[in-house]
Every structure is written in structure tokens, then in C-alpha cells.
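In: kindly generate the corresponding structure for this input.
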Amino acid sequence: VEEGITDLEAIKAAGLRGVMMPGNPGTEADYDDPMWDPFWEAAVSLGLPLSFHILTARGGGWRGPRLNSFLSIIRSIQDIMGTLVFGGVFERHPDLRVVCVEADAGWVPHYMYRMDHAYKRHRNWLQPGVALSRLPSEYFAEHIFVTFQDDWTAFSHANDMNWRRLMWANDFPHSDSTWPWSQGMLAEQTAQLTAEQTRAILSGNVADLYGIDVTALQPTAGDAVSGARPELVIRGGTVVDGTGAGERRADVAIVGDRIVAVGDVDLTGRREIAADGALVTPGWVDVHTHYDGQATWDQRLAPSSVHG
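Out: Residues are numbered from 1 along each chain as shown. Prediction:
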């Protein structure tokens, strides 16, 4: 736990905005044990949301054909969320925020109902000393963010959960990615949502969680070039910026390590790339890093191409 706190401090010092956790703790006690309380307190004080990704918890396996494992992997994430809720972690740390990563989200309304049902009938099964002042579903709705990809049930049941905690992702470049059909898929699956809900789920919620100024990620061509000659200008590409807005033809100018303009760039770059017919994706934020996760479950560290 102390080593973990040291890691949190180093992560914060490095300018990073979140932490991915192993599915299984490196201690004999599970995450709901009070020995982890100093770690949760440190994460809150440092302003670091904690992510739990599918396939990072060992054990369990699956029954039947291997394809059945595609369904069972969600179970391990549900177990972690249940451990945090029923273990009183959110009761003890009301400002803690965690992210349930890449496990879909359409199951959340039923899961919250099932948690409440279990609590109302069998609350005496809680660990000694654990008391909850709210229903389990209330902790889930407030503290747990959920990311998903191609899951129309998440969009269609957004009003049955806290849609301010839903965060869409595209999983590029894995075989489960929605690319290159993302825009069409989103247009269809978000059709019944309000504009406010759509923007929140596609970009606003993740930006709020990680304190990201979206406007700084996508400045217009007239902003902030400040006379400096761009080191790189990517010309005429089809820009998809991750905000939920439609694709558009635009130039992208870069000075140093920052995108300083997206639009019609008049200045000539020291280097230029003609991107006609190519997708350009400035400002994408991915809430998980696959190779960090893969290190915890793939003994060979095989490349992502192994998935197809």
C-alpha cells in the first residue's frame, strides 16, 4: 500500500491524470480491507481517478468454447465494483472516483437493481463493522464511471443510470474497435438522446473527470499561433477530433509539443504533410492504455495484432 501511494505521487508529479489499477491487489487482503484506506485517501487528495480494466484480474476462466470468455470477462469487473460498494470503500471515501473500463455499460441498470435487492434482503452478509448509509445503487451511480464501445443498450438505457458517468470509447486499434464505422454507429445509437446527453457521453464526462479543457485541445486556426512558424502542418486531412462533432476537412498546425490550430492554416510549416484522403485525429483522449493492462495478464506480451 505504501509503495502504491509512492507511485500515485510519482504519477501526479509526471503530469498524468489517472491511474490504472491491477484487478487483483498485491496484498493478501482485498481492496475493501481498511488497510487500503490510506491509498484511497491519497488518490482523492491527489485528484487521480482510478481505472479498473477488463482482463487485469487473474483467475476465474470460462466454461465451454473460448468465445464464451468474451462474455465472462465482464464478470471480473463487476466483482471489483461490488467489492468496493459492499465493502464500504465509497462510504468511507465519499470523494473517490473509479472507472470501470471497457466492460460495456448496458448491464449497469440491472446490476444496480440487483445490488439493492441483495442489500435489502441480506445486508447482514456485509463484513463486520461495515455499514452503508445509502443504497448500493447510489454509490455506484455517484462514484463509478463506465466506458463502453459498441453497446447500444448503454445509450438506450442511459436514463436508467447516471449518464453523467457514461464515457464512450472506440478501442482503436484493437479488433473490438468501432473504427472505421464509429460515426455512423454513433449517429444511430445516440438518436434518442438529447444533444446534452450525447455531448456528455462522447466527450464532456471524460473531460470533466480528468480536468481536461476541451477547447484547448481544438483551437481554431486563428488562435494562438502567435506568429510562430509551425514546426509541422498536416494539410487537408479529414479531421475527427473526438468531441462528437462530425468529420471535416481541415489543417492541423503544431508548435513544439502542442496543437496550436485546427482549421485553415495560412502559415507554412517547417515540415508539411499532405493528408488528402487520410483521417487526422487530434485531441483524442483514451481512458486506458492496453499495453499497461496486457502486462498483467499476457505472459508473452504479444502484440495487439494477435487479436486480429
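In: residue ranges with poor pLDDT in the stretch 201-308 of the chain?
Out: Residues of the stretch 201-308 of the chain meeting the criterion pLDDT under 70: 217-228, 242-244, 283-308.
In: the helices in it, which residues?
Out: 205-210, 214-217, 290-294 (DSSP state H, counting those that start in this stretch).
In: state the pLDDT value of the closest residue to Thr83 other than its chain neighbours.
Out: Closest residue in space to Thr83, ignoring its immediate chain neighbours: Asp32 at 5.0 Å, by CB to CB, 6 or more residues apart in numbering. Bear in mind the C-beta positions are built from the backbone N, C-alpha and C, glycine included. Residue-level confidence at Asp32 comes out at 97, pLDDT.
In: could you do Pro65 as well?
Out: The model's pLDDT for Pro65 equals 92.
In: can you start the count at 281 instead of 1 from here on
Out: In the new count, where the first residue is 281, that last one comes out as Pro345.
In: that one and Ser356, how far apart?
Out: From Pro345 across to Ser356, the span is 19 Å (CB to CB, to the nearest Å).
In: tell me which of these two has more neighbours.
Out: Here Pro345 and Ser356 are compared on neighbour count by other CB atoms under 10 Å; more neighbours surround Ser356, at 19 against 8.
In: in what helix or strand does that one lie?
Out: helix 349-366 (DSSP states H and E).
In: got the CA coordinates for that helix in PDB?
Out: Extracted as PDB, the C-alpha positions of helix 349-366 are listed here (Å, rounded to 0.1, in the frame of the first residue of the first chain):
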ATOM      1  CA  SER A 349     -14.700 -15.900 -22.500                       C
ATOM      2  CA  PHE A 350     -15.800 -12.800 -24.300                       C
ATOM      3  CA  LEU A 351     -18.800 -12.700 -22.100                       C
ATOM      4  CA  SER A 352     -17.300 -13.800 -18.800                       C
ATOM      5  CA  ILE A 353     -14.600 -11.100 -18.700                       C
ATOM      6  CA  ILE A 354     -17.200  -8.600 -17.700                       C
ATOM      7  CA  ARG A 355     -17.900 -10.500 -14.500                       C
ATOM      8  CA  SER A 356     -14.500  -9.800 -13.000                       C
ATOM      9  CA  ILE A 357     -15.000  -6.100 -13.300                       C
ATOM     10  CA  GLN A 358     -18.500  -6.400 -11.700                       C
ATOM     11  CA  ASP A 359     -16.900  -8.300  -8.800                       C
ATOM     12  CA  ILE A 360     -14.400  -5.400  -8.200                       C
ATOM     13  CA  MET A 361     -17.200  -2.800  -8.300                       C
ATOM     14  CA  GLY A 362     -19.300  -4.900  -5.900                       C
ATOM     15  CA  THR A 363     -16.300  -5.300  -3.600                       C
ATOM     16  CA  LEU A 364     -15.800  -1.500  -3.400                       C
ATOM     17  CA  VAL A 365     -19.500  -0.800  -2.800                       C
ATOM     18  CA  PHE A 366     -20.400  -3.600  -0.400                       C
END
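In: pretty sure Asp359 contacts Ala337?
Out: Yes. Using CB atoms under 8 Å, Asp359 is in contact with Ala337, at 7.4 Å.
In: more neighbours, those two?
Out: Legend: neighbour count by other CB under 10 Å for Asp359 and Ala337, higher for Ala337 (19 against 14).
In: pLDDT score assigned to the more buried one?
Out: pLDDT at Ala337 comes out at 84.
In: with Ala290 instead?
Out: Looking at Ala290, the pLDDT reads 96.
In: any idea how far Val281 is from it?
Out: In this structure, Ala290 and Val281 are 15 Å apart, going by CB to CB.
In: more neighbours, the two?
Out: Higher neighbour count among Ala290 and Val281: Val281, with 17 against 10, using other CB under 10 Å.
In: tell me the contacts of the more buried one?
Out: Thr307, Met315, Trp316, Pro318, Phe319 (CB atoms under 8 Å, 6 or more residues apart in numbering).
In: taking those residues one by one, which sit in strands?
Out: Cross-referencing these against strands under DSSP state E gives no overlap.
In: now the two most distant members of those.
Out: Pairwise distances across these (CB to CB) peak at 12.4 Å, for the pair Thr307 and Pro318.
In: count of neighbours near Gly409?
Out: 7.
In: tell me the pLDDT at it?
Out: As predicted, Gly409 sits at a pLDDT of 93.
In: give the helix, strand or coil label for it.
Out: The three-state label given to Gly409 by DSSP: H, G, I helix; E, B strand; the rest coil is coil.
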